[in-house]
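pasting the structure only:
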């Protein structure tokens with residue numbers, strides 16, 4: 001089965017079944033190329049030139065020449081101008097004006113300046129003459145002024161010329177550097193013009209700018225007339241602050257807000273208490289006892305307060321040979337002997353026999369010769385041991401403590 005072809009430029013041959021079996025060629029390829037002198041401007045789809053570029057000389061802008069064209073291109077456009085011809089005239093319009101005359105008719109231009117062959121007619125009328133380029137009436141000139149107080153100057157003689165005239169006071173002052181109504185800055189020296197007191201001039205520097213101070217002015221300007229101008233401020237208010245005196249054993253607790261280098265208040269150091277304008281130790285070392293009886297000695301101990309160690313009295317004790325008796329010390333009297341004296345002996349009913357109840361007395365003799373008698377009743381005394389000796393031994397050891 002034959003498939004009909006799809007042809008971009010049309011079918012050139014069909015079979016019996018009316019199906020395209022051969023495509024037509026690109027008609028652009030049958031075009032004859034254009035011959036171009038200045039190159040091809042465009043081509044068709046078969047890359048064959050179909051239009052030519054124009055002459056580039058025709059795109060050039062023709063020059064405008066004051067003295068004629070020197071050369072043309074292929075498109076008859078002027079591409080070069082004739083040079084400016086040499087000018088032989090020498091008079092200018094200013095030269096003619098200085099003679100009060102108009103310019104002449106013949107002229108030429110050289111380097112941008114117009115020169116004339118001659119000047120024209122005079123601008124001055126009858127009875128006039130030219131003076132420095134101005135037409136003035138013919139007249140008799142004024143004479144020079146003499147005996148001038150403030151100097152001379154050149155002025156018109158009313159005939160187009162000049163003469164010597166006296167300077168006015170104002171002219172003298174102005175030329176000498178004085179100004180009318182001048183106001184000098186503070187600190188400057190004011191000089192008045194001798195010709196007119198209304199004219200003045202200032203010399204020297206004005207006062208410097210005055211500082212605005214929060215805590216007062218530290219220094220003022222030394223310049224004449226500027227003694228009230230502040231040139232430097234205090235950084236703080238220390239010059240108006242007096243630091244408090246800090247006593248021993250204390251430290252500064254606060255400083256002035258406007259003078260951080262000076263103390264405004266103090267507080268006692270740790271371990272000290274404030275007492276008036278000083279600091280005293282919070283811990284005191286004082287005697288616990290301040291008196292003692294005769295024949296006694298203080299007992300002591302060390303006490304440290306705020307770094308200082310002292311000895312204080314803590315109590316008292318009796319001296320050797322004395323013993324405490326209440327709040328006094330008495331001589332130490334001791335037992336030197338003892339003896340028991342049996343009074344009655346009766347059987348002890350609490351025993352079945354061999355034991356007795358002994359009643360009697362004990363005497364203790366002291367070192368100072370005094371005696372102390374004690375009545376005793378002893379139960380359960382063993383008769384086998386001898387109740388007299390047993391009673392005597394009890395008195396000596398138990399009652400007299402020997």
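That came through, no problem. Bear in mind the structure is a predicted one, so any value in this text is a computation, not a measurement.

Torsion angles phi and psi at residue 30?
phi -90, psi 0 (degrees, to the nearest 10).

same thing with residue 239?
When read as degrees, to the nearest 10, the backbone of residue 239 gives phi -70, psi -20.

any idea how far it is from residue 343?
Going from residue 239 to residue 343 by Cβ to Cβ, to the nearest Å gives 107 Å. No exception for glycine: its C-beta is placed from N, CA and C like everyone else's.

now swap in residue 389 and tell me
Taken as Cβ to Cβ, the span from residue 389 to residue 343 is 16 Å.

Could you pull up the contacting residues of the residue lying closest to residue 97 once chain neighbours are set aside?
Sequence neighbours aside, residue 133 is the residue nearest to residue 97 in space, at 5.5 Å (criterion: Cβ to Cβ, 6 or more residues apart in numbering). Counting by Cβ atoms under 8 Å, 6 or more residues apart in numbering, residue 133 makes contact with 97-100.

any chance of those residues in a markdown table, with secondary structure, neighbour count and pLDDT too?
Formatted as a markdown table, the contacts of residue 133 follow (DSSP: H, G, I helix; E, B strand; the rest coil; neighbours: other Cβ atoms under 10 Å; pLDDT from 0 to 100):
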| residue | secondary structure | neighbour count | pLDDT |
| --- | --- | --- | --- |
| 97 | helix | 16 | 91 |
| 98 | helix | 14 | 90 |
| 99 | coil | 14 | 88 |
| 100 | coil | 19 | 91 |
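
Residue 338 is in contact with residue 394, correct?
No. The pair residue 394 / residue 338 is not scored as a contact, 10.0 Å apart, by Cβ atoms under 8 Å.

can you list residues touching both of those two?
residue 362.

For these two, work out which one has more neighbours and name it.
residue 338 (23 against 18; other Cβ atoms under 10 Å).

in what helix or strand does that one lie?
Per DSSP states H and E: residue 338 is located in strand 335-347.

List the strands paired with that strand, with their directions.
Each strand paired with strand 335-347, and its direction, by DSSP bridges: strand 355-366 (antiparallel).

which parts of the partner strand are buried?
When neighbours are counted by 16 or more other Cβ atoms under 10 Å, the buried residues of strand 355-366 are found to be 355-358, 360-364.

quick one: contacts of it?
Here strand 355-366 makes contact (Cβ under 8 Å, 6+ apart) with 333-348, 371-383, 387, 390-391, 394-395, 399-400.

Could I get the average pLDDT for the strand holding residue 338?
Here strand 335-347 scores 88 as its mean pLDDT.

again with stretch 193-207
For stretch 193-207, mean pLDDT is 90.

dump the residue contacts of residue 380.
Here residue 380 is in contact with 348, 350-351, 355 (Cβ under 8 Å, 6+ apart).

which among these gets closest to residue 3?
Nearest to residue 3 among those: residue 350, at 161.5 Å, using Cβ to Cβ.

circling back: identify the farthest-apart pair in the contacts of residue 380.
350 and 355 (7.7 Å).

in the sheet, who's paired with the residue nearest to residue 238 when sequence neighbours are not counted?
If the residues on either side of it in the chain are set aside, residue 238 comes closest to residue 259, at 4.0 Å by Cβ to Cβ, 6+ apart. With DSSP bridges applied, residue 259 shows beta-bridge pairing to residue 256.

Hmm, residue 234 and residue 259 touching each other?
No. Applying Cβ under 8 Å, one finds residue 259 not in contact with residue 234, separated by 9.7 Å.

the more surrounded of those two?
residue 259 (20 against 17).

what does the model give that one for pLDDT?
94.

try residue 12
Residue 12 carries a pLDDT score of 79 in this model.

Residue 7 now?
86.

Contacts only, for it.
Counted by Cβ under 8 Å, 6+ apart, residue 7 has contacts 20, 23-24.

So for the helix or strand where residue 252 lies, what gets flagged as buried?
Residue 252 is part of strand 250-256 when elements are defined by DSSP H and E. Residues 250, 256 are the ones in strand 250-256 that count as buried (16+ other Cβ under 10 Å).

Outside of that strand itself, list whatever touches it.
Residues contacting strand 250-256 (Cβ under 8 Å, 6+ apart): 237-238, 241, 244, 246, 261-269, 272, 279.

again, only using 7 Å
241, 246, 262-269, 279 (Cβ atoms under 7 Å, 6 or more residues apart in numbering).

Now rank those by neighbours and give me the top one.
Sorting these by how many neighbours each has (other Cβ under 10 Å) puts residue 279 first, at 22 neighbours.

Identify the residues contacting that one.
247-250, 268-269, 272-273.

Kindly recompute the last result at 10 Å.
Going by Cβ atoms under 10 Å, 6 or more residues apart in numbering, residue 279 touches 246-251, 266-269, 271-273, 306.

Give the helix, strand or coil label for it.
Judged by DSSP: H, G, I helix; E, B strand; the rest coil, the three-state class of residue 279 is strand.

Is the nearest residue to residue 96 once chain neighbours are set aside bridged to anything, and to what?
Nearest residue to residue 96 in three dimensions, chain neighbours excluded: residue 119, at 3.9 Å (Cβ to Cβ, 6+ apart). In this entry, residue 119 is beta-bridged to residue 103, by DSSP bridges.

since we're on residue 119, how many residues are nearby?
Neighbour count of residue 119, defined by other Cβ under 10 Å: 19.

so how far is residue 344 from it?
From residue 119 across to residue 344, the span is 194 Å (Cβ to Cβ).

Please apply the same query to residue 253.
90 Å.

One more: residue 128?
Distance, residue 128 to residue 344, using Cβ to Cβ: 194 Å.

Residue 56 too?
Applying Cβ to Cβ, the value for residue 56 to residue 344 is 181 Å.

what pairs with residue 335 across the strands?
In beta-bridge terms (that is, DSSP bridges), residue 335 pairs with residue 366.

Relative to residue 262, how far out is residue 361?
Distance from residue 361 to residue 262, by Cβ to Cβ: 92 Å.

about what we covered before: per-residue pLDDT of the residue nearest to residue 97, please?
86.
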